[in-house]
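Colleague: Quick one, what's the 3D model for this:
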Amino acid sequence: MSLDISSILVKELRQKTGAGMMDCKKALQETNANFEEAIKILRQKGLASADKKVNRKAIEGLVNSYIHTGGKIGVLVEVNCETDFVARREEFQELAQNIAMQIAASPDIRYVNIDEIPEEIFLTEKEIELKKDDLNNKPDNIKEKIILGRVEKTLKTLSLLDQSFIRNPNITIDELVKEKISLFGENIKIKRFTRYTLGN
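Modeller: A predicted model of the protein is given here:
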């Protein structure tokens, strides 16, 4: 016998995740009405379906601006989707605003994702790590793994998609975007951004 799930709980889960009513009900039944576990299940399913859409062309969307309180930090960001219909949706505009606020709050980021980071930055960071004293007595194969791990960690600080979402640190910006891909049924891409700091 399947667990009877209240429509209020289903509605709350749907608002939180953007998933369909039946998917929400099923996730709650699978987890014995454990709200957080149900979110995890829907997120996993959503990210899986979102991965299939990431190569689709996205040339609609909007350029969003955000000026931080006090007027000392400003951001322009271009977020693309597949249709003008989705670009006009309130949820898409909210996503663009959240991304702009994330950029304002992240002074170290320079690139949308790790793949955009020039090779010379990777090589420079690798050189820095190679010279650190704590690696002197490590075998070469272990040393290489440690160095690559540290370099990747550093590069992630420069990548917008790898940042923890300021409004929900349990997910990254990449996961946030994929959740919205699942919600809209369209590919979404952060194409570019500029962060302005007064005096710089």
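Colleague: any idea where the helices of the protein begin and end?
Modeller: 7-17, 21-30, 35-51, 84-87, 90-104, 119-130, 140-156, 173-184 (DSSP state H).
Colleague: CSV for those helices, including distance to residue 64 and mean pLDDT?
Modeller: From N, CA and C alone the C-beta is placed, and that goes for glycine too. What follows is the helices of the chain, written out as CSV (distance: least, CB to CB, whole Å; pLDDT from 0 to 100):
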stretch, distance to residue 64, mean pLDDT
helix 7-17, 23, 77
helix 21-30, 29, 81
helix 35-51, 21, 71
helix 84-87, 11, 92
helix 90-104, 4, 96
helix 119-130, 27, 90
helix 140-156, 24, 87
helix 173-184, 14, 90
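Colleague: deepest of those, which one?
Modeller: The highest average neighbour count among the helices of the chain, using mean count of other CB atoms under 10 Å, belongs to helix 173-184 at a mean of 22.
Colleague: and it, how far from the chain's centre?
Modeller: Helix 173-184 has its C-alpha centroid displaced from the chain centroid by 8 Å (CA atoms, centre = their mean, to the nearest Å).
Colleague: coming back round to it: go through the helices of the chain and name the closest to residue 194.
Modeller: helix 90-104 (8.7 Å; CB to CB).
Colleague: Check whether residue 74 really touches residue 100, as I assumed.
Modeller: No: between residue 74 and residue 100 there is no contact under CB atoms under 8 Å: 9.2 Å.
Colleague: just checking, residue 186 touches residue 82?
Modeller: Yes: contact criterion CB under 8 Å: residue 186 and residue 82 qualify, at 4.2 Å.
Colleague: thinking again about what came up before, any common contacting residues for residue 74 and residue 100?
Modeller: Common neighbours of residue 74 and residue 100 are listed as 65, 66 (criterion: CB atoms under 8 Å, 6 or more residues apart in numbering).
Colleague: For residue 195, which of the helices of the chain is the nearest?
Modeller: It is, among these and with distance given as CB to CB, helix 90-104, at 5.4 Å.
Colleague: Contacts for that closest one, please.
Modeller: By CB under 8 Å, 6+ apart, helix 90-104 touches 18, 61-62, 64-66, 68, 73-77, 79, 81, 86, 109, 160, 163, 165-167, 173, 176-177, 180, 183-184, 188, 190, 193, 195.
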